[in-house]
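In: next comes the sequence, and after it the predicted model I'd like to discuss.
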Amino acid sequence: MNDNLPTVMAVKDDFPAGHDLTILLHARLDGSAGSNRNRTPNAARLIGANTDVEAIEAWLKAKKRQSANTQRAYRREAYRLLAWAVAFKEKPVSSLTVEDVADFHGWLLMPENHPEWTRRGWVLIRGPLQPGSARQAMVILSGMFRWLVEAGYLAGNPFRLFDDGITAKEKAEEADAEIEHAFDKELWDWILRQVDTHQPDDTADQEYHAFERIRFILVFLYWTGLRRHELVSVTMNRIARERGQWILRVKGKGRKKLEPVVLLPPAVAALHRYRLSRGLPGFPMAAETEVPLIAAHRGNKSITDNYLNTLLKRMFRRLAVDAKRINGNWAEKLEAGTAHWLRHTLATHNAEAGVPMQDTADQLRHRSMDTTRRIYTHVKRLEKREKGLSKLLDYGD
């Protein structure tokens, strides 16, 4: 056994994090003697941490007002860095240099698992990250280091000095590629028809209930534009009639207040069907404060957002097998699809249908109109190009 690695005392998950396990490190690796520790005489120490784990936990505690999904992402990135530093660099986090940060970034893009991680049941990374995802991880960690510097725990932030070599043009191209993560209208219509061909005949069978759940997730995510963590965090009492319209109130990304999401008839119809399949009355009631919108098989708890994404990806892969007989490009799209694609699909279809940009931004609760505008601009640019190029078809007639 490698004595440099953390020792797990109690594991409840497949990722090292906070109260789910206790990590003990040898003194030379716990950060108490880290080379990047702030040892300036009379320097203000704003946190009581003396080890890297204590410092990380102090940072996470300071972020407790963030959404559960954001907190989980922060915890994942912090502890993945700690495990990587100890396993591959034999250094505490508080001794990492700019060169180490560059190596970590390279590892995110081409990772290898340490044998001890497998032995301990840790899944720290499931494969190479996309460049945008790797950059987001680096942004989170740079923010953590900046906070620890301001708290007086660290002397400097090596993440701030790291240059990933990505130009502004390349970042813009990545943003455009992200916009392409959507199903075009023809494919989407086919998906809706094809899903129903997989419906089990026996309504008493568990497969039937699983089908009704995934069908509801698919349709409801599209028509509402919800993020997956928003969908699994909602209880039925958050849905009510207001001024003749069904409204879902949800706490969005980084928001403290509940925000309204309009439920158009297809979303209401999908909800009605799914509730009946669960043995519930057709429409939500104010008393249903403990009834999750998305139910686990036992019905009294919701599924996790990661499991929701897994269910959708499984369904997309099954549909990809069907699509290969019709259109190879459809199959490729389906094999790559995730829950977030449905949000992008709705925004793209709204732009194509002429839905006012502000209405789309409000429904998706974008924090910046720039996000919505980028999607609309992309769609309009393609439409304009097609219209211009089509003039050649009439040339000479």
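Out: Okay, I see it.
In: note down every partner strand of the top strand by length along the chain and its orientation.
Out: Looking across the chain with DSSP state E, the single longest strand is strand 245-251. Each strand that pairs with strand 245-251, with its direction, by DSSP bridges: strand 239-242 (antiparallel), strand 258-262 (antiparallel).
In: between those strands, which gets nearest to Ser94?
Out: With C-beta to C-beta as the criterion, Ser94 lies closest to strand 258-262 of the strands paired with strand 245-251, at 39.6 Å. In short, each C-beta sits where N, CA and C put it, glycine included.
In: before we move on, the earlier item: want to throw the strands paired with strand 245-251 into TSV with mean pLDDT?
Out: Listed next are those as TSV, based on pLDDT from 0 to 100:
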stretch	mean pLDDT
strand 239-242	94
strand 258-262	92
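In: could you dump those strands to a markdown table with distance to Ala361?
Out: As requested, the strands paired with strand 245-251 are exported to a markdown table (distance: least, C-beta to C-beta, whole Å):
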| stretch | distance to Ala361 |
| --- | --- |
| strand 239-242 | 20 |
| strand 258-262 | 12 |
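In: so which of those comes closest to Lys64?
Out: Proximity to Lys64 (C-beta to C-beta) singles out strand 258-262 among the strands paired with strand 245-251, at 19.1 Å.
In: the closest one: how far from the chain's middle?
Out: Strand 258-262 sits 20 Å away from the centroid of its parent chain (C-alpha atoms, centre = their mean, to the nearest Å).
In: tell me which residues of that strand are tucked away?
Out: By 16 or more other C-beta atoms under 10 Å, the buried positions in strand 258-262 come out as 261-262.
In: stretch 207-226 now?
Out: 209, 211-226.
In: so what touches it?
Out: 188, 191-192, 195-196, 198-200, 202, 228, 231, 248, 250, 261, 263-264, 266-267, 270-271, 273-274, 277-278, 294-295, 297, 308, 311-312, 315, 339, 342-343, 345-347, 363-364 (C-beta atoms under 8 Å, 6 or more residues apart in numbering).
In: show me which of the residues you listed are buried.
Out: 188, 191, 195, 228, 231, 248, 250, 261, 263, 267, 270-271, 274, 277, 294-295, 308, 311-312, 315, 339, 342-343, 345-347, 363-364.
In: residues near the nearest residue to Gly252 once chain neighbours are set aside, how many?
Out: Nearest non-adjacent residue to Gly252, counting by C-beta to C-beta, 6 or more residues apart in numbering: Arg365, 4.4 Å away. Neighbours of Arg365 under the rule other C-beta atoms under 10 Å: 19.
In: do Glu290 as well
Out: Glu290: 10 neighbours (other C-beta under 10 Å).
In: which residues does the closest residue to it other than its chain neighbours contact?
Out: Take Glu290 and drop its neighbours on the chain: the residue closest to it by C-beta to C-beta, 6+ apart is Thr235, 6.7 Å away. Residues near Thr235 by C-beta under 8 Å, 6+ apart: 288-293.
In: next, give phi and psi for Thr235.
Out: Phi and psi for Thr235, reported as degrees, to the nearest 10, are phi -110, psi 160.
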